[in-house]
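A.B. asks: Below are the sequence and a predicted model for it; my questions follow.
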Amino acid sequence: QVQLVESGGGLVQAGGSLRLSCAASGRTFSNYAMGWFRQAPGIEREFVAEINSNGGTTKYADSVKGRFTISRDNAKNTVYLQMNSLRSEDTAAYYCAANRVTSVISRAYNYWGQGTQVTVSS
């Protein structure tokens with residue numbers, strides 16, 4: 001089992017920044033690829049970003065490319081999502097997830113955090 005706890009969400013004005021963190025415990029963090037997903041009310045959960053187990057490969061949704069950065073610190077068992085130039089359409093609950101391999105498909109991930117809310121005011 002892998003336990004994931006997100007933090008760092010909040011209310012921010014459009015154009016502002018937030019950094020989300022996801023702390024992992026349980027099995028060896030460095031064995032897992034990590035993903036960030038988000039879900040707004042009434043909308044299906046969508047892929048945001050992913051990073052492979054050693055941090056060498058990342059991938060982003062087109063909607064966040066150039067604004068968001070995913071990174072990880074395997075020594076701290078933590079994955080981050082730096083979000084810059086936030087827009088109102090980025091408002092959602094953000095979830096981190098762990099899996100043995102990277103994927104943009106949410107159902108591929110075995111372990112999920114409880115989510116952290118990000119609200120961007122225009």
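C.D. replies: Ah, there it is. Numbering: from 1, shown residues only.

A.B. asks: buried stuff in stretch 43-56?
C.D. replies: Within stretch 43-56, the residues that qualify as buried are Arg45, Phe47, Val48, Ala49, Glu50, Ile51, Ser53, Gly55, counting by 16 or more other C-beta atoms under 10 Å. Just so you know, the C-beta spots here come from the backbone N, C-alpha and C atoms, and that holds for glycine as well.

A.B. asks: Name the nearest residue to Tyr80, ignoring sequence neighbours.
C.D. replies: Ser71 (5.0 Å; C-beta to C-beta, 6 or more residues apart in numbering).

A.B. asks: Compute the number of surrounding residues for that neighbour.
C.D. replies: Neighbour count for Ser71, taken as other C-beta atoms under 10 Å: 15.

A.B. asks: Could you double-check that Val64 sits in contact with Val48?
C.D. replies: Yes: Val64 lies in contact with Val48 (C-beta atoms under 8 Å); the separation is 5.8 Å.

A.B. asks: picking up where we left off before, my guess is the residue nearest to Tyr80 contacts Gly56. True?
C.D. replies: No: applying C-beta under 8 Å as the test, Ser71 and Gly56 come out as separate, 11.2 Å apart.

A.B. asks: Common neighbours of the two, please.
C.D. replies: The contact sets of Ser71 and Gly56 do not overlap (C-beta atoms under 8 Å, 6 or more residues apart in numbering).

A.B. asks: Contacts only, for the residue lying closest to Ala108 once chain neighbours are set aside.
C.D. replies: Nearest non-adjacent residue to Ala108, counting by C-beta to C-beta, 6+ apart: Asn99, 5.8 Å away. Contact partners of Asn99, counting by C-beta under 8 Å, 6+ apart, are Tyr32, Ala33, Met34, Gly35, Ala108, Tyr109, Asn110, Tyr111.
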